[in-house]
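Undergrad: what would the 3D arrangement of this be:
(one chain, ligands or ions: 1)
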Amino acid sequence: MNALNQAHCEACRADAPQVSDEELPVLIKQIPDWNIEVRDGVMQLEKVFLFKNFKFALAFTNAVGEISEAEGHHPGLLTEWGKVTVTWWSHSIKGLHRNDFIMAARTDEVASTAEGRK
Ligand SMILES: C[C@H](O)[C@H](O)[C@H]1CNC2=NC(N)=NC(=O)C2=N1
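TA: Residues are numbered from 1 along each chain as shown. Below is the predicted model of the structure:
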């Protein structure tokens, strides 16, 4: 199976299974700096990226937006001065799908070449 950061999302079907209890630890190990949050019963992946100012934070936000549009799978993005909080979950299944781990890994790829990281 492809490494997460080389993989692509599958269509978000409402009847798709959430990541199982057995898969979760295997997948989270592949995106080590991401946190698991649960909000209103919905499990999510979240990570904060720091930048030197708002301009760099906004550029990173837009770069993540580009890969999201390309994959048809979209994050929560909170863009602040010097900081972007990225949150991935699958709205259609109100939880985590392998797509979310793929996109977290792809987000790290975008961050690895983003300008103005702190
Ligand atoms: C119609 C459209 O493709 C769907 O609503 C997509 C859009 N992007 C999405 N993004 C996320 N994170 N979860 C979804 O269920 C989802 N569904």
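
Undergrad: ok, which residues in this protein are in contact with the ligand?
TA: Within the chain, the residues that sit near the ligand (CB under 6 Å from any ligand atom) are 12, 72, 73, 74, 90, 91, 92. Heads up, the C-betas are built off the backbone N, CA and C, glycines and all.

Undergrad: type out the PyMOL command that picks the buried ones from those residues.
TA: A single PyMOL command suffices to select whichever of the residues of the chain next to the ligand are buried according to 16 or more other CB atoms under 10 Å:
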select buried, resi 73+90
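
Undergrad: quick one: strands adjacent to the helix or strand that contains residue 86?
TA: Taking DSSP states H and E as the definition, residue 86 sits inside strand 83-88. Strand 83-88 pairs in its sheet with strand 42-50 (antiparallel), strand 76-80 (antiparallel), by DSSP bridges.

Undergrad: tell me which of those strands sits most buried.
TA: Ranked by mean neighbour count, the strands paired with strand 83-88 are led by strand 42-50 with a mean of 17 (mean count of other CB atoms under 10 Å).

Undergrad: distance from the chain centre to that strand, please.
TA: 7 Å (CA atoms, centre = their mean, to the nearest Å).
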